[in-house]
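In: With the sequence up front, the predicted model follows.
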There are 2 protein chains.
Amino acid sequence: MTLNAVLDSVDNNLPGALERLFDLLRIDSISTDPAYSASCKKAANWLVDDLSSMGFEAKRYDTPGHPMVVGHYKTDPGKPHVLFYGHYDVQPVDPLELWHRPPFEPAIEDTPNGRVIRARGAADDKGQVMTFLEACRAWHMQTGSLPINVSVFFEGEEESGSPSLIPFMQANTELLKADMALVCDTGMWDAQTPTISTMLRGMVGEELTITGPSLDLHSGMYGGPAMNPIRVLTKILADLHDDTGRITLPGFYDGVEALPDDVRAQWDSLNHDGGEFLQSVGLSTPAGEKGYSVLEQIWSRPTCDVNGISGGYTGEGFKTVLPSIAQAKVSFRLVGQQDPVKVQQAFYEHVAARLPADCTASYKTKDGSPATVMPVDAPAFKRAQQALTEEWNKEAVYAGCGGSIPVVGHIKDILGMDSLLVGFMLDDDAIHSPNEKYSLTSYHKGIRSWVRILEALAR
Amino acid sequence: MTLNAVLDSVDNNLPGALERLFDLLRIDSISTDPAYSASCKKAANWLVDDLSSMGFEAKRYDTPGHPMVVGHYKTDPGKPHVLFYGHYDVQPVDPLELWHRPPFEPAIEDTPNGRVIRARGAADDKGQVMTFLEACRAWHMQTGSLPINVSVFFEGEEESGSPSLIPFMQANTELLKADMALVCDTGMWDAQTPTISTMLRGMVGEELTITGPSLDLHSGMYGGPAMNPIRVLTKILADLHDDTGRITLPGFYDGVEALPDDVRAQWDSLNHDGGEFLQSVGLSTPAGEKGYSVLEQIWSRPTCDVNGISGGYTGEGFKTVLPSIAQAKVSFRLVGQQDPVKVQQAFYEHVAARLPADCTASYKTKDGSPATVMPVDAPAFKRAQQALTEEWNKEAVYAGCGGSIPVVGHIKDILGMDSLLVGFMLDDDAIHSPNEKYSLTSYHKGIRSWVRILEALAR
């Protein structure tokens, strides 16, 4: 049986697959910091070379930001055609001192929960990208072809707002068009349960700068009459939530729908332990809206978080400065039919209403995206679910996802395609944090899962 | 006349006095950052050498922090004995890119308001310290003696909370005891009007850290149920002021006294233009308590300011982190009989009352100090006022001071002495900010002023 031969080939070639992933992980492709631009280009070139080595026609496409990579492997025009999306850029590594090994020197480590690949990007998203490429490589090596037509599309700005993504997709719809998209940037329900993510929260992100005095002042000389922009900023931010955890922006909950009964029933059957989930990160009490379970707060309720705040003197010791500016990076996670533009406008109005005469507000916008809900009854979804169930020997579940993957919305809007979201990250992978890791099992069985899904989609 | 000869000597030797000040300004003695410890020691040694060169018995005293310098010039035991206090340490220089020249390469610059000495510490406090030392040097060179007995006491931790000051003063009361103290760390009412500062605000400073989750989290994975410590911190800080600019801590205004009528009358006679004062730093509306003039808000009303805030990702771009900790440096300026310990306790209670179950608060305390009011009717004050009036050819005024000079309280409590506060800084000296400067006139006439005050105090 061809499928089994390809799966055997994955098992036999795992050391090589790890070596290739390590090569990619050694490239410090941090997209948000311009100092790492050359590394992003290097990662893109690495992918072009790797794709070319396994029969793809692949090419780097430069953009005003970091490059895109697109590759095609054409087999039989009568077969389905998928577009696989992933990203080669990674999050910054600060605070570096909390890493127990250099973030760009990957290694296999033994942990109480099994062997893991430790490095920035091991899970998000280089490890996940390579599960798919290694699956293609195994089919190509074993059979000289792939079961279906495959295009791949990698960007290098996912962790920094994807400024080039929409223009590139709009300008290259023919290049990217397929029957459906595959996206590997999500996680598993738990370490044993394969998962297809069917709801994604959307996102609005704004960097807000409040300017008060025209220069930094001495708080002894000016404290009292001079308005401190930190005072203004904290008032603006504190007023975003009421005491019950609800977000106060007028109209914010427009388009937030009650969870359908069948979805709630399926989620209930997952027996999620909200207390244990919080306890694993040192918390005990859900901070979201009262009356919703932890799972609902993550998957089906919108949020507002300040992701960064700064102003005045933040070094060692004390400096009695009354600063000229204060800044915050604020993000909203959206669900259902919430309109990113309306949320953004409501935030601007919230700020304006709290701005004293002597302060000004300015913004840098991170692209907004609405939430996404997938067509879980489509045949391709059912086939993928079956393939995952066979690989993991456990029923694959449909799950929500608290994160935002804006590209899924763009794939729908610009290319007219649904996305099948399959990923193998675990909750404790520490993505976006120090000591990011990817389970060796996720990597190995992730590759095997894609081998099976490619075959299943050919039917 | 001896006095005139000494004053002439000051005029003739001004180039040398500037060279010596520049030598001291070239030492980057930033006390708050441990990286500059050697520079602080170097500045202390420089002062010991300089004092010794003009007849002082001077010595460096090492402490657990930066060293103290004490020197004595004894003349006639029948004459008064003063202790001059100053500090040789300076503020950090960040943001460095806003300086138009390197902060530790002093230079004379021509400006629309006259010639200035540009460097970190030019005004606060190296330039001011040197006005006094150059006055002593002139007397010593011209007459071989000083008009009165003079001790000097310099510390190197004034800009970083003076952790060694109280223990050193307590252990060395005999070394430091005199009839009164002279302190040169304040400013002039305006560029023409010599000033004795007779009210100083006190200070309570606290660095507050709020800890939520045990590690930084991805706001997509955890946003909603996981409490964000920035949300908690902004609530705590926003609640410190009400909408009228009043500070909300219970009992905070205990000990804040109404301004006596005669003091208010004297302040009114200064014709302070609050609008112009604010306009010079890009503001227009007083941010302090309603019902008080700008001058009252600075000199006679207490304040609360956040001097620094940080949490989450604050670099370039966006990172959707939900951070483990958030921090703020908060300071209160105190007046009248406000008790620093009670204010500190009220702040702790304010924080505790707003702390959700899942967050903890921890503190680093900057030494607190009460406000100070001087005995303006004492003969020494009257004589100094007369000497200043003669030098500047304009009536010297008694003024408040919004800043905190904790050492003045310690001089009173530990050594039992009042302090005469005379200084020559101007409002636009940008102390604690980029491009700090000291007017050349402040330096020159400052030296001449001390020459006269030393003579006046001998009467």
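Out: Looks like it came in fine. Just so we're clear, the structure is a prediction, and the values are computed from it rather than from any experiment.
In: Which helix or strand contains the closest residue to residue A:86 other than its chain neighbours?
Out: In space, and not counting its chain neighbours, residue A:86 is closest to residue A:129: 3.7 Å by CB to CB, 6 or more residues apart in numbering or on different chains. All C-beta atoms are positioned from the backbone trio N, CA, C, and that covers glycine. In the assignment (DSSP states H and E), residue A:129 maps to helix A:126-143.
In: quick one: contacts for the residue nearest to residue A:86?
Out: Residue A:129 makes contact with A:24, A:86, A:87, A:88, A:154, A:184, according to CB atoms under 8 Å, 6 or more residues apart in numbering or on different chains.
In: Contacts only, for the fifth one.
Out: Applying CB under 8 Å, 6+ apart to residue A:154 gives the contacts A:44, A:47, A:68, A:69, A:70, A:85, A:86, A:87, A:88, A:129.
In: Dump those to TSV, plus secondary structure and pLDDT.
Out: Shown next, in TSV, are those (DSSP: H, G, I helix; E, B strand; the rest coil; pLDDT from 0 to 100):
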residue	secondary structure	pLDDT
A:44	helix	98
A:47	helix	98
A:68	strand	98
A:69	strand	98
A:70	strand	98
A:85	strand	98
A:86	strand	97
A:87	strand	98
A:88	coil	98
A:129	helix	98
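In: From these, pick the one nearest chain B.
Out: Distances from chain B to the contacts of residue A:154, taken as CB to the nearest CB, are shortest for residue A:87 (14.1 Å).
In: doesn't residue A:155 make contact with the closest one?
Out: Yes. Between residue A:87 and residue A:155 there is a contact at 5.1 Å, judged by CB atoms under 8 Å.
In: Figure out how far the helix holding residue A:129 is from the centre of its chain.
Out: Relative to its parent chain, helix A:126-143 has a centroid offset of 21 Å by CA atoms, centre = their mean, to the nearest Å.
In: and the angle from the next helix or strand after it to helix A:126-143?
Out: As assigned by DSSP H and E, the chain's next helix or strand after helix A:126-143 is strand A:149-155. Between strand A:149-155 and helix A:126-143, the angle comes out at 160 degrees (axes from the mean of the first three to the mean of the last three CA atoms, to 10 degrees).
In: Can you give the strand pairings for strand A:149-155, parallel or anti for each?
Out: For strand A:149-155, the paired strands and their directions (DSSP bridges) read strand A:68-73 (antiparallel), strand A:81-87 (parallel).
In: between these, which gets nearest to residue B:335?
Out: strand A:81-87 (56.6 Å; CB to CB).
In: now the strands paired with strand A:149-155 as JSON lines including mean neighbour count?
Out: Formatted as JSON lines, the strands paired with strand A:149-155 follow (neighbours: other CB atoms under 10 Å in any protein chain shown):
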{"stretch": "strand A:68-73", "mean neighbour count": "22"}
{"stretch": "strand A:81-87", "mean neighbour count": "24"}
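In: okay, these in CSV with distance to residue A:30 next?
Out: Formatted as CSV, the strands paired with strand A:149-155 follow (distance: least, CB to CB, whole Å):
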stretch, distance to residue A:30
strand A:68-73, 17
strand A:81-87, 12
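In: So which residue is dead centre in chain A?
Out: residue A:405 (5.3 Å; CA atoms, centre = their mean).
In: ok, that residue - contacts?
Out: Counted by CB under 8 Å, 6+ apart, residue A:405 has contacts A:183, A:185, A:186, A:200, A:372, A:421.
In: would you list these in JSON lines and tack on secondary structure and neighbour count?
Out: Compiled in JSON lines, these are given as follows (DSSP: H, G, I helix; E, B strand; the rest coil; neighbours: other CB atoms under 10 Å in any protein chain shown):
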{"residue": "A:183", "secondary structure": "strand", "neighbour count": "25"}
{"residue": "A:185", "secondary structure": "coil", "neighbour count": "26"}
{"residue": "A:186", "secondary structure": "coil", "neighbour count": "22"}
{"residue": "A:200", "secondary structure": "strand", "neighbour count": "31"}
{"residue": "A:372", "secondary structure": "strand", "neighbour count": "24"}
{"residue": "A:421", "secondary structure": "strand", "neighbour count": "27"}
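In: Tell me the one among those residues nearest to chain B.
Out: Out of the contacts of residue A:405, the member with the shortest distance to chain B (by CB to the nearest CB) is residue A:200, at 8.9 Å.
In: And that closest one, how close does it get to residue A:364?
Out: 24 Å (CB to CB, to the nearest Å).
In: Same question for residue A:246.
Out: On the measure of CB to CB, residue A:246 and residue A:364 end up 27 Å apart.
In: May I see the buried residues of stretch A:113-122?
Out: A:116, A:117, A:118, A:119, A:120, A:121, A:122 (16 or more other CB atoms under 10 Å in any protein chain shown).
In: What segments of the stretch 251-400 of chain A are strands?
Out: With strands called from DSSP state E, counting those that start in this stretch, the stretch 251-400 of chain A shows them at A:303-312, A:321-322, A:325-334, A:360-369, A:372-373, A:397-401.
In: for the stretch 101-250 of chain A, same thing?
Out: A:107-111, A:114-118, A:149-155, A:180-183, A:195-200, A:202-211, A:217-218.
In: picking up where we left off before, turn the contacts of residue A:405 into TSV, including pLDDT and distance to chain B.
Out: Output for these, formatted as TSV (pLDDT from 0 to 100; distance: CB to the nearest CB, whole Å):
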residue	pLDDT	distance to chain B
A:183	97	14
A:185	93	11
A:186	92	10
A:200	89	9
A:372	87	13
A:421	96	13
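In: and of those, the nearest to residue A:291?
Out: For the contacts of residue A:405, the nearest to residue A:291 is residue A:200 (23.0 Å; CB to CB).
In: Residue numbers of the stretch 351-459 of chain A in contact with chain B?
Out: The stretch 351-459 of chain A comes close to chain B at residues A:356-358, A:366, A:401-404, A:427, A:430-434, as judged by CB under 8 Å from any CB of the partner chain.
In: Taking these together, which two end up most distant?
Out: Once CB to CB is applied, these give A:357 and A:427 as the farthest pair, at 47.1 Å.
In: Mind checking which of those two has more residues around it?
Out: residue A:427 (17 against 10; other CB atoms under 10 Å in any protein chain shown).
In: List the contacts of the more buried one.
Out: By CB under 8 Å, 6+ apart, the residues touching residue A:427 are A:187, A:190, A:277, A:280, B:221.
In: Nice, that's everything, thank you.
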